[in-house]
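Peer 1: kindly return the folded structure for what I paste below:
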Amino acid sequence: QVQLAESGGGLVQAGDSLRLSCAASGRTFSSYYMGWFRQAPGSEREFVAAISGSGAGTNYRDSVKGRFTISRDNAKSTVYLQMNSLKPEDTAVYFCAASLRYLATTVKQYNYWGQGTQVTVSS
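Peer 2: Take a look at the predicted model:
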């Protein structure tokens with residue numbers, strides 16, 4: 001069982017940066033592949049980024065490559081999403097999730113989810 005709690009969301013202007021954090025409970029954090037998803041109003045939840053248990057492997061959706069960076073600190077049981085050059089289309093609720101599948105990219109492949117944190121980017 002893994003419990004996840006996101007933080008770091010907020011209201012920013014286009015071009016600004018934010019860093020989201022996701023703190024996990026449990027003693028097997030490094031065993032899980034961690035992902036970030038987002039969901040805008042009226043839209044399906046979509047994959048943003050994923051990272052392997054060691055942190056050596058990462059995967060991103062095309063629209064955030066070069067702007068977002070996923071990382072993790074296994075000693076702190078925390079995964080991060082650094083978001084730079086934010087755009088209004090990045091506005092969504094951001095969720096972190098844990099999976100046992102390598103660099104999983106679909107909602108169904110993730111077993112545990114946080115409650116989400118709102119990111120709003122104004123133009």
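
Peer 1: quick one: Ala75 from Tyr32, how far?
Peer 2: In this view, Ala75 and Tyr32 are 15 Å apart by C-beta to C-beta, to the nearest Å. Every C-beta, even on glycine, is put in place using the N, C-alpha and C of the backbone.

Peer 1: more crowded one of these two?
Peer 2: Each of Ala75 and Tyr32 has its neighbours counted (other C-beta atoms under 10 Å); Tyr32 has more, 26 against 8.

Peer 1: got a list of what the closest residue to that one other than its chain neighbours touches?
Peer 2: In space, and not counting its chain neighbours, Tyr32 is closest to Ala98: 4.1 Å by C-beta to C-beta, 6 or more residues apart in numbering. Going by C-beta atoms under 8 Å, 6 or more residues apart in numbering, Ala98 touches 2, 4, 24, 32-35, 110-112.

Peer 1: rerun that using 7 Å as the cut-off
Peer 2: Listed by C-beta atoms under 7 Å, 6 or more residues apart in numbering, the contact set of Ala98 reads 2, 4, 24, 32, 34, 110-112.

Peer 1: name the strands paired with the host helix or strand of Ala23 and say parallel or antiparallel.
Peer 2: Ala23 is part of strand 18-24 when elements are defined by DSSP states H and E. Strand 18-24 sits in its sheet next to strand 4-7 (antiparallel), strand 78-83 (antiparallel), going by DSSP bridges.

Peer 1: now those in JSON lines, with distance to Ser122, mean pLDDT and mean neighbour count?
Peer 2: JSON lines is the format used below for these (distance: least, C-beta to C-beta, whole Å; pLDDT from 0 to 100; neighbours: other C-beta atoms under 10 Å):
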{"stretch": "strand 4-7", "distance to Ser122": "21", "mean pLDDT": "98", "mean neighbour count": "18"}
{"stretch": "strand 78-83", "distance to Ser122": "15", "mean pLDDT": "98", "mean neighbour count": "23"}
